Every structure is written in structure tokens, then in C-alpha cells.
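>>> next comes the sequence, and after it the predicted model I'd like to discuss.
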Amino acid sequence: MRIDILTLFPQMFDGPLSESIIRRAREAGLVKIYTHDIRQFSTDKHKRVDDYQFGGGAGMVMMVEPIAAAIESLTAERHYDQIIYMSPDGQTLNQKTANTLSLCENIILLCGHYKGIDQRVRDHYITSEISIGDYVLTGGELAACVVVDSVVRLIPGAISDEESALSDTFQDDLLAAPIYTRPAEFRGWRVPDILLSGHEANIEKWREEQAYERTRLLRPDLYAKIKGKAKE
Ligand code: ADE
């Protein structure tokens, strides 16, 4: 998979995308991630990338030309499955979207700043818009990091034990069951006996019950969707 990120602040990606699972996935060649500075595509002598809004109003708008040039420099080289604009107006990111994106070969993530981007970019280049929640960030960069993180860990081989991605919270609209490691007792707080029993079938059943119960208590909205599947 290849991910191209268009941004005014490429350095914001240095930390989040060069540690842990993402770093290993990149080193293993499972994903190639490139950041591109939109400013490099400005033909203005001062490398301007934003301007005042037509019609008046507070806040600068990212101009169509440099963004169009940046996108076209990429699409001239290869086909992109999706050209995504990170925006609070978009569809809220969920596990299903992350799953879908993890199956793509090439995607572009466009990060906006200031007031946003010229509408013509959205009309003529963008194939979908993703939000990471109902709040406004200073730009799309942190949101793009969230998308990349949620997607890359799903690429087969990115997580050593593939089981682990499959049993994630949300993978089947359920929260995950509680997990424990050694010691079996800490300050009198004991790990549930069932997990120490070695009885695999009972453990599996307990985990499933816990997942349903946690979802019911903590995420009634998700529980309503899966209620039909719940085991009595
Ligand atoms: N850009 C600004 N706010 C955002 C959000 N909530 N999600 C995605 N991109 C954004």
C-alpha cells in the first residue's frame, strides 16, 4: 500500500509515523508513506498558498492552484483508489472505513489548514472526506495520522499476531473483553479465575459474554446495532 499525504506541515508527521508498528510496517515494505509540502507547488514568488475569501468573511482559504498541482503530480504517476480530504465535515472515521482503506493500493490524504480549502478542490478532485470526530482541529494533520495509524495496523503482517487485529474492539461492533497479564494478584486485586483455568472453551465463552456486557454498559448505541447477535 502507498499513502501520499499533502500538507503545509510535513514535519508534523515525523514522530507519529516513524515509531512502533507503523515504523516496522514501513521498514518491512508493507506500506510506503510520503509527505509532500503543498507550498512547493505554489507558483507565487512568495510561495503563498492561501488567500482571502471571496464575498468576505474571517479566515484565509487554501488556494486551488497549489493543491491541484500537488494532486496532479501524483495522479500523473499512478491511479489512486481514493483522494481523501481530512475535514470535520466528513464521514466520521470508524473501523469499517479503516478496514476498507487498508485494502486500497494507493490513497492520498489532503490536510487543510486555516479556514479550509477552495471548494473547487473538493468538487473536482476529492473522492471522500473523513472526520475524526465532531470537533475542530487546527488542521488535518493530526486527523491524517489517526487515519494512517488505524489503517496501517490492519495491513496483513503489520501486527505480528494477526489474531490480535481481528479481536480488536469494534472489529465486530463489540468492545473488547478485559485483558490481564502477570502478576495474577496485585494488592489483593485478582485476575478472574476463569482466565487462569486453562479451559479454552470456557475462556472464549467468558470473553464473549464480557464483550457483550461491556458494550451494553459503555456503548448502548453500538449494542443496539448488535443486540440480535447477543447470546443469552
Ligand atoms: N480538520 C480539522 N478538524 C478535523 C476533524 N475533526 N477531523 C478531520 N480533519 C479535521
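That came through fine.

>>> could you dump the helix or strand harbouring D149 to CSV, C-alpha only?
Here D149, judged by DSSP states H and E, is contained in helix 141-152. Only the C-alpha atoms of helix 141-152 are listed here, as CSV (Å, rounded to 0.1, in the frame of the first residue of the first chain):
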residue,chain,number,x,y,z
GLU,A,141,-2.5,16.6,10.0
LEU,A,142,-3.4,15.0,13.4
ALA,A,143,-6.5,13.5,11.8
ALA,A,144,-4.4,12.1,8.9
CYS,A,145,-2.1,10.5,11.5
VAL,A,146,-5.1,8.8,13.1
VAL,A,147,-6.3,7.5,9.8
VAL,A,148,-2.8,6.2,8.8
ASP,A,149,-2.4,4.5,12.2
SER,A,150,-5.8,2.8,12.1
VAL,A,151,-5.3,1.6,8.5
VAL,A,152,-1.6,0.5,8.6
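
>>> that helix close to the ligand?
Yes. Helix 141-152 reaches the ligand (Cβ under 6 Å from any ligand atom) through A143. The way it works is simple: take the backbone N, C-alpha and C, and place the C-beta from them, glycine included.

>>> so where's this structure shaky on pLDDT?
Low-confidence segments of the chain (pLDDT under 70): 162-163, 229-232.

>>> which parts of it are strands?
Here the chain has its strands, by DSSP state E, at 2-7, 32-37, 50-51, 61-62, 82-92, 106-111, 116-117, 128-131, 185-186, 189-190.

>>> returning to what we had before: mind checking how far the helix holding D149 is from the chain centre?
Its chain's C-alpha centre and that of helix 141-152 lie 4 Å apart, by Cα atoms, centre = their mean, to the nearest Å.

>>> what angle separates it from strand 2-7?
If you take axes from the mean of the first three to the mean of the last three Cα atoms, to 10 degrees, helix 141-152 sits at 170 degrees to strand 2-7.

>>> what packs against helix 141-152?
Other helices and strands packing on helix 141-152, by 3 or more Cβ pairs under 8 Å, 6 or more residues apart in numbering; DSSP states H and E, are strand 2-7, helix 20-27, strand 82-92, helix 95-102, strand 106-111, strand 128-131.

>>> distance from the fifth one to the middle of the chain?
Relative to the mean C-alpha coordinate of its chain, strand 106-111 is positioned 12 Å out (Cα atoms, centre = their mean).

>>> that strand packs against which elements?
Packing contacts for strand 106-111, counted by 3+ Cβ pairs under 8 Å, 6+ apart, involve strand 2-7, helix 64-75, strand 82-92, helix 141-152.

>>> which outside residues touch the longest helix along the chain?
Ranked by number of residues, the top helix in the chain under DSSP state H is helix 200-218. Here helix 200-218 makes contact (Cβ atoms under 8 Å, 6 or more residues apart in numbering) with 173-178, 192, 194-195, 197, 222-223, 226, 230-231.

>>> if we use 10 Å, what do you get?
With contact meaning Cβ atoms under 10 Å, 6 or more residues apart in numbering, helix 200-218 is reached by 167, 169-170, 172-179, 192-197, 199, 221-227, 229-232.

>>> list the buried residues of that helix.
I203, W206, R207, Q210, A211, Y212, R214, T215, R216 (16 or more other Cβ atoms under 10 Å).

>>> distance check, the fourth one against the ligand.
Computed with Cβ to the nearest ligand atom, to the nearest Å, the distance linking Q210 and the ligand is 31 Å.

>>> repeat that for the third one.
Using Cβ to the nearest ligand atom, we find R207 at a distance of 33 Å from the ligand.
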